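1. Sequence first, then the predicted structure, then my questions.
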Number of protein chains: 2
Amino acid sequence: MRISQLSAESGVPIPTIKYYLREGILPPGEQTSATRAEYGQAHLRRLRLIRALLEVGRLSVAAIGKILEAVDDESLSMHAMLGTAHYALSPAVEPHEDSPAWTEAYELVNQLIDEFGWEITPDAPAREELAHTLLTLRQLGAEPTLADLVPYATAAQTLVQTHEIHKIPLDAPRESAVEALVIGTVMYGRVLDAIRLLAEESVSARTLAGRPVTGS
Amino acid sequence: MRISQLSAESGVPIPTIKYYLREGILPPGEQTSATRAEYGQAHLRRLRLIRALLEVGRLSVAAIGKILEAVDDESLSMHAMLGTAHYALSPAVEPHEDSPAWTEAYELVNQLIDEFGWEITPDAPAREELAHTLLTLRQLGAEPTLADLVPYATAAQTLVQTHEIHKIPLDAPRESAVEALVIGTVMYGRVLDAIRLLAEESVSARTLAGRPVTGS
């Protein structure tokens, strides 16, 4: 199909498609003349994935570029591909001074990982992100402990192990499998966020709605 | 204390503090002369909360402004305050045409809410956000069903009901209670996101690491 039809089928405006082509996140079409290129179903599929990562995943074009590069790199194992996607998903955490408070927060993350016997590379970005969040909680006057984190880790492990990993079609062609992995990581993260807000609203309606407007 | 000391104690540069004052997210100090204002512990505490919402919560200054307005509005009940915070937390979802696919996604969200007997206002932004994510999953070729969502709702309900709501010091002064509510909503959302990525990495290490680089 021509770019105009790709635009009509995907709902993505032509200038936006051209921008994705320039940024290299959408592979070029097959050049049929100096001014014409043909696009296929793979382009349509890739466009849908890009829009999903942008709109629902709220990722930047740069982060999407890194993820799709890993998706397309056939020398990467599925696990290595996931690692690259995790890097792109995690916000850069500013380097911390080696303060005692930072060390303590980082140590708490290590304890959690040990407690569950998880296999995590030393430089996994989620380690730093979690430590940074715990340090911030402490600065806000909360004192997160291992016992506070265990229920989150239990819930996350159950969801990933029992409900997410089996959705990856491991016997499908690599492209489908890695796409499913990225979709699962990003989209089900958003599903969980939104559902947690719903649960919170309902628990709040029952617990807090009758509370007076001021405390003591 | 003077603004210079507030900057030193909080680690926030003076021009940034002035910016927060101009934006109205930090209340003004007590004017002691034409050119001097005095700041107190409440300012230090508010600055820490702003930095946490910015850096860990990744919220915009505009969203933080809306949340803090609700925090400071003593006429709002705790539950109403939480509702305002949820609005500020949820990204604006573009209005959808009344397509059959959108209606179906929205209906699935209603089914989930019914299944759990949750009390959710009709215009809760998390409803639209979840429906939008489900619609996007469908466009990507996944077919999310009620059974796919139930484990997420079960996990979220347990976390909120058993582990989060009791952290709110309901008998403390309103200010502490609403702050704890905002901190719980935003910070423990990030804790859950980061822990889910850790669980995913570990499950992937055990399930996928040995997989060949290509499928069929």
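-> Cool, the structure landed.
2. Going by C-alpha atoms from here, please, whenever you check contacts or count neighbours.
-> OK.
3. hey, where'd the helices end up in chain A?
-> Taking DSSP state H, the helices of chain A run over residues A:3-10, A:14-23, A:41-55, A:61-72, A:78-89, A:100-116, A:125-139, A:146-158, A:174-207.
4. Need the CA coordinates for the lowest-mean-pLDDT helix or strand in chain A. CSV is fine.
-> Ranked by mean pLDDT, DSSP states H and E, the weakest helix or strand in chain A is helix A:78-89, scoring a mean of 82. Taking C-alpha atoms only, helix A:78-89 is exported to CSV below (Å, rounded to 0.1, in the frame of the first residue of the first chain):
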residue,chain,number,x,y,z
MET,A,78,14.2,-12.9,24.6
HIS,A,79,15.6,-12.3,28.1
ALA,A,80,18.2,-9.8,26.8
MET,A,81,15.5,-8.0,24.8
LEU,A,82,13.3,-7.7,27.9
GLY,A,83,16.3,-6.2,29.8
THR,A,84,16.7,-3.5,27.1
ALA,A,85,13.0,-2.8,27.3
HIS,A,86,13.3,-2.4,31.1
TYR,A,87,16.1,0.1,30.6
ALA,A,88,14.0,2.2,28.2
LEU,A,89,11.0,2.0,30.6
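5. what's the least confident stretch among the helices of chain A?
-> Least confidently modelled of these is helix A:78-89, at a mean of 82 by mean pLDDT.
6. Determine the angle, from 0 to 180 degrees, between that helix and helix A:174-207.
-> 50 degrees (axes from the mean of the first three to the mean of the last three Cα atoms, to 10 degrees).
7. now the angle between helix A:61-72 and helix A:78-89, please.
-> Using the same axes, to 10 degrees: helix A:78-89 against helix A:61-72 is 180 degrees.
8. Does helix A:78-89 pack against any helices or strands, and if so which?
-> helix A:61-72, helix A:125-139, helix A:174-207, helix B:174-207 (3 or more Cα pairs under 8 Å, 6 or more residues apart in numbering or on different chains; DSSP states H and E).
9. can you rerun that using 7 Å?
-> helix A:61-72 (3 or more Cα pairs under 7 Å, 6 or more residues apart in numbering or on different chains; DSSP states H and E).
10. Need the residues that contact the helix it packs on.
-> A:25, A:53, A:81, A:84-85, A:88, A:178 (Cα atoms under 7 Å, 6 or more residues apart in numbering or on different chains).
11. Between those residues, which sits nearest B:Gln157?
-> The closest of these to B:Gln157 turns out to be A:Leu53 (Cα to Cα; 26.7 Å).
12. That closest one reaches A:Leu47, doesn't it?
-> No - here A:Leu53 does not reach A:Leu47: they are 9.9 Å apart, not a contact under Cα atoms under 7 Å.
13. For chain B, see how far away the residue lying closest to A:Ser10 once chain neighbours are set aside is.
-> For A:Ser10, ignoring the flanking residues on the chain, the nearest one in space by Cα to Cα, 6 or more residues apart in numbering or on different chains is A:Leu44 at 6.4 Å. Relative to chain B, A:Leu44 is positioned 10 Å away (Cα to the nearest Cα, to the nearest Å).
14. quick one, what contacts A:Leu137?
-> Neighbours of A:Leu137 in contact, by Cα under 7 Å, 6+ apart: A:Glu143.
15. Now the residue nearest to the spatial centre of chain A. Nearest residue, chain neighbours left out?
-> The centre of chain A sits closest to A:Val186, judged by Cα atoms, centre = their mean, with a distance of 3.7 Å. Nearest non-adjacent residue to A:Val186, counting by Cα to Cα, 6+ apart: A:Gly57, 5.8 Å away.
16. give me the number of residues near the one you found?
-> Per other Cα atoms under 10 Å in any protein chain shown, the neighbour tally for A:Gly57 reads 20.
17. re earlier: so how do I select the buried members of the contacts of helix A:61-72 in PyMOL?
-> Here is the PyMOL command that selects only those of those that count as buried (16 or more other Cα atoms under 10 Å in any protein chain shown):
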select buried, chain A and resi 25+53+81+84+85+88+178
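18. re the thing from before, wait, which of the helices of chain A is closest to A:Ile168?
-> helix A:174-207 (5.7 Å).
19. what angle separates the closest one from helix A:41-55?
-> 30 degrees.
20. which other helices and strands contact helix A:174-207?
-> Looks like helix A:174-207 contacts helix B:125-139, helix B:146-158 (3+ Cα pairs under 7 Å, 6+ apart).
21. do that again at 8 Å, thanks
-> Using 3+ Cα pairs under 8 Å, 6+ apart as the test, helix A:174-207 ends up in contact with helix A:61-72, helix A:78-89, helix B:78-89, helix B:125-139, helix B:146-158, helix B:174-207.
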